[in-house]
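Q: Turn this into a model:
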Amino acid sequence: MRRHRTSPRGRVESLVVDSQVLKSNLLGDPTAREVHVYLPPGHEQPSGRGLPLLVDLVGYSGSGLSHTNWRNFGENVPERLDRLIAEGAMPPVVAAFPDCFTRLGGNQYINSVAVGRWEDFLIDEMLPAIEQRFDCGGPGRRGVFGKSSGGYGAIVHAMRRADTWAAVACHSGDMGFELMYWGNFPRTLQALARHGLSIERFVTAFEAANKDTPADVSVIEHFSMAATYDPDPEQFLGIRLPVDLETCEVLPERWANWQAWDPLSMVDQCAENLSRLKAVYLDCGDVDQCNLVYGARRFHRALSRLGVDHVYDEFPDNHTNIDYRMDRSLPLLAHALTRS
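A: Coordinates of the predicted model:
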C-alpha cells in the first residue's frame with residue numbers, strides 16, 4: 001500500500017552490470033551488481049528518452065535496493081518521486097539505485113585497491129549501461145545525490161568528476177574527519193582487544209555470529225573507512241587503522257591519507273569543478289549525532305569564500321530518518337538538469 005495512493009505510479013526496472021573494474025577488490029565481493037532504475041509515469045519504451053538521470057548513493061550499511069523497497073508509514077524513493085512529479089514540484093526524471101554494498105558493510109564510492117574501484121564502476125560501467133538501455137541522462141543531464149556516506153560519495157564525485165556530473169545534493173555527508181572518527185577509535189580498540197588486537201579474528205567472529213550488535217557494526221564501519229581511505233594490500237582485507245593498536249596514538253603518515261580524502265581538504269583544489277556544476281546543494285541537521293554539522297558549516301564557508309554558487313540548509317533534526325529532506329533536494333536537482 002502506497003502512502004499517497006492518488007499519484008500516478010512510475011515503474012522500477014532492474015538490470016545487472018557485470019563489472020570488470022571491481023574484479024580486483026580484496027574483499028572477495030561479487031562483481032555483478034544489480035541496479036534498480038525508476039521510470040516516471042507516462043514514459044514507455046524507449047523509457048526515459050530525453051530525461052535527466054539522478055543517481056542515488058545510500059549511506060553506510062545500506063544498498064540502493066533498499067531505497068526501492070516498501071516502507072512502513074512512509075515512502076520509498078520511487079514513491080516520493082511519483083508524488084513530487086504529480087504535485088508539479090519537479091519535472092520527470094529517471095533515477096538509478098545501484099547496489100554497492102560490501103563485505104565491510106558499506107561504501108564511500110571512491111576507488112580503493114581494497115574495497116574496489118567504485119568511482120570507476122559508477123562512471124565508466126554503470127552510467128553507460130543505464131543511459132544506453134533507457135535513453136536518458138548524458139552530458140549536462142546527470143545528477144548525483146546521497147545521505148551520510150552517500151552524501152560523501154556524491155560531493156566527492158562532484159568535486160572530482162564535473163566532466164560527468166552536472167548537479168549534486170549532499171545530505172549530512174561525511175566531512176570534518178577528526179570530529180567524526182576520533183571519538184570512536186578508543187572503542188574500536190577496546191573491541192579489538194577482546195580478539196587479541198587482531199582485525200582478522202574480529203572480522204571472522206563478526207561474520208560467524210548469529211546476530212550483530214550496533215557496537216560491532218561501528219567497528220566494522222571503522223574498518224571499512226580504513227580500507228577505503230588508506231588501504232594496505234599487505235594487511236587482512238587491506239585494513240590498517242591509523243592509530244597504534246595499544247596506545248591509540250595517531251600514526252601521522254596513516255592519518256594523513258585519511259585527511260586527504262576529507263572534503264574539507266579537497267574543496268580548494270576542486271573549486272573550479274564545483275563552479276562548473278548547475279546546482280550544488282548541501283544540508284545537515286543542527287544536532288547531527290555524528291558531529292557532521294560542524295564539517296557542513298566549514299564546507300559552506302569554504303564554498304562561499306571560493307565564490308561557488310550553492311544552497312546550504314541547516315535544519316532542526318539529527319542524522320536519522322531524514323529522507324524527507326529529498327523533498328527539497330530532488331526538485332532542485334531536476335530543475336537544474338532540465339535547463340540548457
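Q: Quick check: which ranges of the stretch 101-250 of the chain have low pLDDT?
A: Along the stretch 101-250 of the chain, no part satisfies pLDDT under 70.
Q: Could I get the full set of helices for it?
A: 118-120, 127-134, 149-160, 177-181, 185-193, 199-208, 214-229 (DSSP state H, counting those that start in this stretch).
Q: Redo those helices as JSON lines? Include distance to M266 and mean neighbour count.
A: Every residue, glycine included, has its C-beta placed from N, CA and C. Shown next, in JSON lines, are these (distance: least, C-beta to C-beta, whole Å; neighbours: other C-beta atoms under 10 Å):
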{"stretch": "helix 118-120", "distance to M266": "13", "mean neighbour count": "21"}
{"stretch": "helix 127-134", "distance to M266": "22", "mean neighbour count": "17"}
{"stretch": "helix 149-160", "distance to M266": "6", "mean neighbour count": "26"}
{"stretch": "helix 177-181", "distance to M266": "11", "mean neighbour count": "18"}
{"stretch": "helix 185-193", "distance to M266": "23", "mean neighbour count": "16"}
{"stretch": "helix 199-208", "distance to M266": "28", "mean neighbour count": "15"}
{"stretch": "helix 214-229", "distance to M266": "12", "mean neighbour count": "21"}
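Q: residue boundaries of the strands in the protein?
A: For the chain, applying DSSP state E gives strands covering 11-18, 32-39, 53-57, 94-98, 111-112, 116-117, 142-147, 167-171, 279-285, 311-315.
Q: Out of those, flag the one nearest M180.
A: Nearest to M180 among those is strand 279-285 (12.2 Å), distances taken as C-beta to C-beta.
Q: same for that closest one, what does it pack against?
A: strand 167-171, helix 292-306, strand 311-315, helix 326-338 (3 or more C-beta pairs under 8 Å, 6 or more residues apart in numbering; DSSP states H and E).
Q: again, 10 Å this time
A: strand 142-147, helix 149-160, strand 167-171, helix 292-306, strand 311-315, helix 326-338 (3 or more C-beta pairs under 10 Å, 6 or more residues apart in numbering; DSSP states H and E).
Q: just the strands of the chain: most buried one?
A: strand 167-171 (a mean of 30; mean count of other C-beta atoms under 10 Å).
Q: May I have that one as CSV, with CA atoms only?
A: Only the C-alpha atoms of strand 167-171 are listed here, as CSV (Å, rounded to 0.1, in the frame of the first residue of the first chain):
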residue,chain,number,x,y,z
ALA,A,167,24.4,18.7,-10.2
VAL,A,168,24.9,17.3,-6.7
ALA,A,169,23.0,17.1,-3.4
CYS,A,170,24.8,16.1,-0.3
HIS,A,171,22.6,15.3,2.7
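Q: tally of neighbours for I322?
A: Look at I322: counted by other C-beta atoms under 10 Å, it has 18 neighbours.
Q: next one: R276
A: Neighbours of R276 (other C-beta under 10 Å): 13.
Q: any idea how far the closest residue to it other than its chain neighbours lies from D286?
A: Nearest non-adjacent residue to R276, counting by C-beta to C-beta, 6 or more residues apart in numbering: A162, 4.5 Å away. Distance check for A162 against D286: by C-beta to C-beta, to the nearest Å, it reads 29 Å.
Q: Mind putting the helices and strands packed on strand 279-285 into TSV with distance to L277?
A: Listed next are those as TSV, based on distance: least, C-beta to C-beta, whole Å:
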stretch	distance to L277
strand 142-147	9
helix 149-160	6
strand 167-171	6
helix 292-306	11
strand 311-315	12
helix 326-338	8
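Q: Can you give me the domain boundaries for this protein?
A: 11-176+263-338, 179-259 (automatic domain parsing).
Q: okay if I get the strands of the chain as CSV plus distance to V293?
A: Putting those into CSV (distance: least, C-beta to C-beta, whole Å) gives the following:
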stretch, distance to V293
strand 11-18, 33
strand 32-39, 30
strand 53-57, 20
strand 94-98, 27
strand 111-112, 27
strand 116-117, 30
strand 142-147, 14
strand 167-171, 12
strand 279-285, 5
strand 311-315, 7
